[in-house]
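sharing a model that was predicted from the sequence below.
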Amino acid sequence: MAIIPHEKTSCGGLTLHRIQTDKYKTTTVVVQFKARLTKETVTERALLPYVLQSGTENYPSSKAVRTELEKLYGATLGVDLAKKGDFHVMTFRMDFANEKFLSEDEPLFKKALSLLSEVIMNPKTDGSRFDSSIVDKEKRTMKQRIQSIYDDKMRYSNMRLTQEMFPNEAFGLHIYGEKEEVDRVTAQSLYDYYKKVCAEDEIDLYLVGNLEDVDAENVVKELFPFDARQDRKSETTEKASLDVEEKEILETQEIKQGKLHMGFRSGIGYADDKYFALQVFNGMFGGFSHSKLFRNVREKESLAYYAASRYESHKGLIIVMSGIEFKNYKKTVDIIKEQLTAMRDGDFNEDEMKQTKTMICNQLLETVDDAKGMVELLYHGVVSQKLRTIEEWLDGVEAVTKEDILAVADKVKLDTVYFLKGEEA
Amino acid sequence: MKTIPFNQLQETLYHQTMDNGLDVYVLPKKGFNKTYATFTTKYGSVDNHFVPLNGSEDVQVPDGIAHFLEHKMFEKEDRDVFQDFSKQGASSNAFTSFTRTAYLFSTTQNVMQNLETLVNFVQDPYFSDQSVEKEKGIIGQEIEMYNDNSDWRAYFGVIENMFHHHPVKIDIAGTIDSIAKITKESLYTCYETFYHPSNMVLFVVGAVEPNEIMSFVEKNQASKSYKDQPPIERFFDKEPKKVAEQKKVLPMSVQVAKCLVGFKEPNPGRQGEDLLKHELSINLALDLMFGQSSENYEKLYNEGLIDQSFSYDFTEEEKFGFSIVGSNTSSPDELADRLYEMIQSFKNEAVNTDQLERIRKKKIGSFLRALNSPEFIANQFTRYRFNDMDLFEVVPMLESITAKDIEEAIKGHFAEESFTVCQVVPKS
């Protein structure tokens, strides 16, 4: 049996993905809306899911929506935004109990999906625009949400690094949009944008759980009657150019620990054959506790509590992060650069490669144990237009050779060193 | 081995107490790739004053030592245990809380080999002067990371306000000055006292066969020469009911202020069913007062006093308990006042039974959802077990709590003298 029993059907304007499994006590629904990330739409798009979850025609306030969720044995509803390559993805997630574990046998599937449909398809409006009091409240909250990025120094440093790496490209935008732009949004402009989203976005709806007794396809067709739309499958992410000069950005705030973030470009994304080699490269460089970064920056030199790298799957980036004393900035940057050189020189053995592959495969299989994790893995296939099964993924990782890793290491190029430091340094 | 079925939840738990006192629990999870195991000692940051094993006098150990010990357990004379796990395809980790230290791994392969590594590394300490010194740099950076984290500072600030003496007010990792005092000898003292099998629980959940796990652990433990240990004597100074400080304001490098209010539990000491009932009653009350379907939440959100970061929680252990409510906010003083008023007026009203039924359903659904997570099951089961509670009694207890139970629980808990505020504000 496949590790993820994944069935895909076209359902009017959306694609339905069914994952039948009886390992959970709840059913998870994830609806993904995908469109290009652009400066013109980023702020509206960021606000939209928060406005939608705050009131519908039949449940006209957030309180009314939340009351309904509680009645459905505490069904959860959450909205989220993400940047996936050149796309700005809006996510609606719902999770509700499977009634066979409850002492009352109350069928919840249709009721829960109806409520989610209310939120997405039937927002509270005054005629031809959103309810303006809801929009005003969500604008206020969004401004505070954007401001509070500054308060989390790791997130702030990541945001700043991305801005510096992509100053003139949409990828440099933050998923929450721009604080100065929030005031420009009106109940009308947001509603117009909502209509456009419903007509044009690429929509994927995932159902994960025990679906044996439900007619998922008809329920989804009835409750999410999106019109068929233009096929956008040719739209993919443009890889970050490798033609860049290394730059250094220093910034000062009143803080106790320096945040060192280094952005590299790899030119390799999910759809590429070299993707597996990129994963193994990253694992050995800074992905695990046996990696070069962890061993050298933390264990050997005691410079940091964390020193890690992670890769971005679509744009083709690797980001290194470490929290250090201000005075150790130069030393740490040098050590990190030395580790990249060591990777390029092939300074690693078969055992380290094997260990890294084992850890990556372990991570993939663990991710599949979580319904949301499963959906995340499958959605890579939508964003990149290259659907891989987990089996193919596991085999791909196993097949990576030392030459493949060296080829990745050779391509990886440092773009920006960003350091947020304190005032006394 | 004892078999404990939970029919409604369709789960079965297996339990065995080993001859040396170690409690082992196994919960098989069908369809999961992963196995998750925790090996936990009932020893956390609050246990800093005790009589060492074979000692005659009580000692006071440096702040942050339980957490320091957790770090140092991974380093052996000839190797780093993280590497052992990762060579066997497992990721390992550990955490220290106020009352527990847990070592864990998760894996999709070589379960028995990884389990052996887990049990053996925790039962075989190796500390050297040199490695203790090296760790001070790493943990120093961990401490600084938390010092810059405004959410953590607000959370710890409010706990610090509540307590005069109780060591729960000390940051789990200690301070750079306090960890400087830690030595190899003090680590051994703590280890010998608190890591006896009779003070520990092993929990394995996932793609496993209970018999195989039990017989492996039985053999493994029989091969080690543990002597019976007398009960551990821990000391806590008498804690007044009143909070130590009513308000603290921390200026930090932030743009949005934070305000947390706290109530210190005036009468801790409950264990078992009493504690389970009290903890669930207060948490139901908090949901009724501040859940997203409540009038209070709607008012505070509409007035712009809170945002999506708003949260609330009550937790109680044997010697201490507290509830904390708060949010990012544009008006920290006004929010503190409003939260206090809302709690007091809730105390004076009868609990609305329709709302209670709804919140009860919500809690039951949340518990089912939590059972999807092997991590939740192992960590929470162990926490409950150390307080003589049973995680699988949560649903029956939720079903039995009445409006009157809630009214009684909150009367004692939300007292004026137990109230305190901690705010983080932008540095001007």
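Everything's here; your move.

and A:Ser309, how far from chain B?
16 Å (Cβ to the nearest Cβ, to the nearest Å). (Glycine included, C-beta is placed from N, CA and C.)

equivalent analysis for A:His17, please.
19 Å.

can you give me the strands in chain B?
B:2-6, B:11-17, B:23-28, B:35-41, B:49-50, B:59-60, B:90-96, B:101-107, B:200-206, B:247-252, B:257-264, B:311-316, B:321-329, B:419-426 (DSSP state E).

what would those look like in a markdown table with mean pLDDT, mean neighbour count and distance to A:Ala409?
Listed next are the strands of chain B as a markdown table, based on pLDDT from 0 to 100; neighbours: other Cβ atoms under 10 Å in any protein chain shown; distance: least, Cβ to Cβ, whole Å:
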| stretch | mean pLDDT | mean neighbour count | distance to A:Ala409 |
| --- | --- | --- | --- |
| strand B:2-6 | 95 | 11 | 51 |
| strand B:11-17 | 97 | 17 | 47 |
| strand B:23-28 | 98 | 22 | 43 |
| strand B:35-41 | 98 | 27 | 34 |
| strand B:49-50 | 98 | 18 | 52 |
| strand B:59-60 | 97 | 12 | 52 |
| strand B:90-96 | 97 | 20 | 24 |
| strand B:101-107 | 98 | 24 | 28 |
| strand B:200-206 | 98 | 25 | 35 |
| strand B:247-252 | 98 | 15 | 40 |
| strand B:257-264 | 98 | 26 | 43 |
| strand B:311-316 | 97 | 17 | 43 |
| strand B:321-329 | 98 | 24 | 42 |
| strand B:419-426 | 98 | 23 | 43 |
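
in CSV: those strands, plus distance to chain A.
Shown next, in CSV, are these (distance: least, Cβ to the nearest Cβ, whole Å):
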stretch, distance to chain A
strand B:2-6, 10
strand B:11-17, 9
strand B:23-28, 12
strand B:35-41, 9
strand B:49-50, 28
strand B:59-60, 27
strand B:90-96, 7
strand B:101-107, 6
strand B:200-206, 8
strand B:247-252, 8
strand B:257-264, 8
strand B:311-316, 14
strand B:321-329, 6
strand B:419-426, 8
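
so which strand or helix has A:Lys354?
helix A:350-368 (DSSP states H and E).

ok, then the element right after that helix?
Immediately after helix A:350-368, counting by DSSP H and E, sits helix A:371-384.

what about that following helix and chain B, touching?
Yes. On the criterion Cβ under 8 Å from any Cβ of the partner chain, helix A:371-384 is in touch with chain B at A:Ala371.

what's the neighbour count on residue 217?
I went with chain A, as the question did not name one. 14 (other Cβ atoms under 10 Å in any protein chain shown).

look at chain B instead
Using other Cβ under 10 Å as the criterion, the residues surrounding B:Val217 number 21.

so what's the residue count around B:Gln271?
15.

what's the closest non-adjacent residue to A:His6?
Once flanking residues are discounted, A:His6 sits nearest to A:Ile19: 5.6 Å by Cβ to Cβ, 6 or more residues apart in numbering or on different chains.

hang on, the earlier thing: name the helices or strands packed onto the helix holding A:Lys354?
helix A:275-282, helix A:371-384, helix A:390-398, helix A:402-411, helix B:81-87, strand B:90-96 (3 or more Cβ pairs under 8 Å, 6 or more residues apart in numbering or on different chains; DSSP states H and E).

tell me which residues in it are buried?
Going by neighbour count (16 or more other Cβ atoms under 10 Å in any protein chain shown), the buried part of helix A:350-368 is A:352-353, A:355-368.

equivalent analysis for stretch A:50-60, please.
A:Tyr50, A:Val51, A:Leu52, A:Gln53, A:Ser54, A:Gly55, A:Thr56, A:Tyr59.

now the residue of chain B positioned farthest from its centre. Nearest residue, chain neighbours left out?
Computed with Cα atoms, centre = their mean, the residue of chain B farthest from its C-alpha average is B:Ser428, at 35.3 Å. Counting by Cβ to Cβ, 6+ apart, B:Ser428 lies nearest to B:Pro251, which is 7.4 Å off, once chain neighbours are set aside.

residue ranges for the strands of chain A, please.
So, for chain A - with DSSP E - the strands run A:6-11, A:14-20, A:26-36, A:76-84, A:87-97, A:202-209, A:247-252, A:258-265, A:307-312, A:317-324, A:413-421.

need the contact list for the closest residue to chain A within the stretch 51-200 of chain B.
Distances between the stretch 51-200 of chain B and chain A by Cβ to the nearest Cβ are smallest at B:Gly137, namely 3.1 Å. Residues in contact with B:Gly137 (Cβ atoms under 8 Å, 6 or more residues apart in numbering or on different chains) are A:Ser302, A:Leu303.

in JSON lines: the strands of chain A, plus mean pLDDT, distance to B:Glu160 and mean neighbour count.
Formatted as JSON lines, the strands of chain A follow (pLDDT from 0 to 100; distance: least, Cβ to Cβ, whole Å; neighbours: other Cβ atoms under 10 Å in any protein chain shown):
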{"stretch": "strand A:6-11", "mean pLDDT": "93", "distance to B:Glu160": "50", "mean neighbour count": "15"}
{"stretch": "strand A:14-20", "mean pLDDT": "96", "distance to B:Glu160": "46", "mean neighbour count": "20"}
{"stretch": "strand A:26-36", "mean pLDDT": "97", "distance to B:Glu160": "38", "mean neighbour count": "23"}
{"stretch": "strand A:76-84", "mean pLDDT": "97", "distance to B:Glu160": "32", "mean neighbour count": "18"}
{"stretch": "strand A:87-97", "mean pLDDT": "97", "distance to B:Glu160": "36", "mean neighbour count": "22"}
{"stretch": "strand A:202-209", "mean pLDDT": "97", "distance to B:Glu160": "43", "mean neighbour count": "23"}
{"stretch": "strand A:247-252", "mean pLDDT": "98", "distance to B:Glu160": "29", "mean neighbour count": "13"}
{"stretch": "strand A:258-265", "mean pLDDT": "98", "distance to B:Glu160": "26", "mean neighbour count": "24"}
{"stretch": "strand A:307-312", "mean pLDDT": "97", "distance to B:Glu160": "30", "mean neighbour count": "22"}
{"stretch": "strand A:317-324", "mean pLDDT": "98", "distance to B:Glu160": "23", "mean neighbour count": "25"}
{"stretch": "strand A:413-421", "mean pLDDT": "98", "distance to B:Glu160": "27", "mean neighbour count": "21"}
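
near chain B, which residues of the stretch 251-400 of chain A show up?
So the stretch 251-400 of chain A meets chain B at A:253-257, A:288-290, A:298-299, A:302-306, A:323-325, A:351, A:355, A:358-359, A:361-363, A:365-366, A:368-371 (Cβ under 8 Å from any Cβ).
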